[in-house]
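> How does the following fold in three dimensions:
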Amino acid sequence: MARIDDSTIERAADYLWTAGRVLEQRRFAHLFGPAPDPAGVLAALDAYRAPDGGWAYGLEPDVRGPAAQPLAAGAAARVLAEAGALNGPRGTELCDWAATLTTEDGGVPAVLPSLRRYPHPPFLPIADDPPAELLSTGQIAAPLLRAGLQHPWLTGAEAFCRRAIEAIEVTHPYEVITAVGFLDAVPDRGWAAEQAARIGELVRGQQLVLLDPERPEQVRLAPGYAPGEFHLPHDYAPRPDSLARAWFTDAEVERGLDHLAARRLPDGGWPINWARWSAATENEARPGVTLSALLTLRAYEGS
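Predicted coordinates:
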């Protein structure tokens, strides 16, 4: 039985037309509709632009307020990539904005002190002088590298991410997911394969992946993660051509995809699995989670 079919997409469409933000509705129409519409996606994304050229206003649902934040820029980069708009003026503008807050080592922080006055989750610490992080820098850099953009900021960011990935020892799922996204995009494929193999061993050795959904006790939740905030093979390898796909057996991947398909809720959408600190942000995050689930299931269909 197929994990994704016309009925799955139709049910998700009903959910998104009912509960999705304009952005996710436009993304769905572009990605799953009868005719791609990148202009509609870009028009919806522009509503989240901040005066300084970054992105804010809840584009990343857990990052609220009008002050542009790097994590929101990472979300913008993913949407721009879907619209095929990174290798041009919009990609350059993204790099120009990131360059205004880059630290001496070439990376960007996850969030800035400007977030402090606005609602934010307890699992998102705010420092007065935040250091650069792989989590934010990699999310911005990876789509840009995949698009083939050339920019001075990206050169420094790529070097920062390489150093950060080589330094990974004790880690957690979101750092690994960001690292894999970067490794899948970086031009140096030999280095990427070497680092991916090393990190895959860490993921399994540190019990950071739920290999059997019926045995959650085998997973070690990272500090600060919510109960049930598990990550399965497809979370690390959302496409079968990802370097992280080699970390798992066919049976492990199949079990994970079955679990993903089964998590669809009666309304046609998928739930979040991280800490629910606000009903509003959960409602805004679910449409994006639903699109991610659909994209993953479609990527693996027939693979």
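> C-alpha only now, for contacts and for neighbours.
Noted.
> quick one: pLDDT of residue 2?
You'll see residue 2 listed with a pLDDT of 88.
> How about residue 191?
For residue 191, the pLDDT comes out at 98.
> can you pull the contacts of it?
Residue 191 makes no contacts at all, as judged by CA atoms under 8 Å, 6 or more residues apart in numbering.
> ditto for the one 5 residues further on
The neighbours of residue 196, taking CA under 8 Å, 6+ apart as the test, are 180, 183, 243-244.
> Not counting sequence-adjacent ones, nearest residue to residue 233?
Leaving aside its sequence neighbours, residue 233 sits nearest to residue 253 (CA to CA, 6 or more residues apart in numbering; 5.7 Å).
> Same check on residue 281?
residue 61 (5.3 Å).
> which stretch of helix or strand covers the one you found?
Residue 61 is part of no helix or strand when elements are defined by DSSP states H and E.
> what's the neighbour count on it?
Counted with other CA atoms under 10 Å, the neighbours of residue 61 add up to 20.
> ok, now how distant is it from residue 248?
Separation of residue 61 from residue 248 (CA to CA, to the nearest Å) stands at 31 Å.
> Report how many residues lie close to the nearest residue to residue 247 once chain neighbours are set aside.
Nearest residue to residue 247 in three dimensions, chain neighbours excluded: residue 200, at 5.6 Å (CA to CA, 6+ apart). By other CA under 10 Å, 21 other residues sit near residue 200.
> Show me where the stretch 51-200 of the chain has its strands.
Assigned by DSSP state E, counting those that start in this stretch, the stretch 51-200 of the chain shows no strands.
> how close does residue 118 sit to residue 65?
6 Å.
> just residue 210 next, same as before
According to CA to CA, residue 210 and residue 65 sit 34 Å apart.
> Tell me how many other residues surround residue 212.
Counted with other CA under 10 Å, residues neighbouring residue 212 total 18.
> Show the backbone phi and psi for it.
The phi and psi values for residue 212, taken as degrees, to the nearest 10, are phi -130, psi 110.
> Do I have it right that it meets residue 253?
No - between residue 212 and residue 253 there is no contact under CA atoms under 8 Å: 9.6 Å.
> if we can go back for a sec, pLDDT wise, what is the residue nearest to residue 233 at?
Listed pLDDT for residue 253 reads 98.
> hmm, back to that, looking at residue 210 and residue 65, which has the bigger crowd around it?
residue 210 (21 against 18).
> Pull the contacting residues for residue 133.
The contact partners of residue 133, by CA under 8 Å, 6+ apart, come to 107-110.
> Output those residues as TSV; include the columns pLDDT.
Shown next, in TSV, are those (pLDDT from 0 to 100):
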residue	pLDDT
107	98
108	98
109	98
110	97
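> count of neighbours near residue 43?
The tally of other residues near residue 43 (other CA under 10 Å) stands at 13.
> again but with residue 14, I slipped
For residue 14, using other CA under 10 Å, the count is 14.
> ok, now the one 3 residues further on?
Other residues lying near residue 17 total 15 when counted by other CA under 10 Å.
> Number the residues from 44 up from this point.
In the new numbering, first residue 44, that becomes residue 60.
> Number of residues surrounding the nearest residue to residue 112 once chain neighbours are set aside?
Leaving aside its sequence neighbours, residue 112 sits nearest to residue 154 (CA to CA, 6+ apart; 5.4 Å). Neighbour count for residue 154, taken as other CA under 10 Å: 24.
> Residue 154 reaches residue 116, doesn't it?
No - Residue 154 lies out of contact with residue 116 (CA under 8 Å); the separation is 10.3 Å.
> Spatially nearest residue to residue 283 (excluding sequence neighbours)?
The shortest distance from residue 283 to any non-neighbouring residue, by CA to CA, 6+ apart, is to residue 343 (6.2 Å).
> tell me the contacts of the residue nearest to residue 324?
Counted by CA under 8 Å, 6+ apart, residue 104 has contacts 324-325, 327-328.
> got it, and residue 250?
Contacts for residue 250 were tallied using CA under 8 Å, 6+ apart; they are 261-263.
> Check residue 190 too.
Taking CA under 8 Å, 6+ apart, we find residue 190 in contact with 124, 129-130.
> quick one, helices of the stretch 44-193 of the chain?
Under the criterion DSSP state H, counting those that start in this stretch, the stretch 44-193 of the chain contains helices at 49-62, 65-75, 81-89, 113-125, 132-142, 177-190.
> got any ranges where the stretch 194-343 of the chain has weak pLDDT?
Scanning the stretch 194-343 of the chain for pLDDT under 70 picks out no residues.
> can you give me the helices for it?
195-209, 216-228, 232-248, 276-279, 293-305, 322-343.
> May I see the ones you listed arranged in JSON lines, with distance to residue 97 as well?
Converted to JSON lines, the helices of the stretch 194-343 of the chain look like this (distance: least, CA to CA, whole Å):
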{"stretch": "helix 195-209", "distance to residue 97": "15"}
{"stretch": "helix 216-228", "distance to residue 97": "20"}
{"stretch": "helix 232-248", "distance to residue 97": "29"}
{"stretch": "helix 276-279", "distance to residue 97": "27"}
{"stretch": "helix 293-305", "distance to residue 97": "33"}
{"stretch": "helix 322-343", "distance to residue 97": "20"}
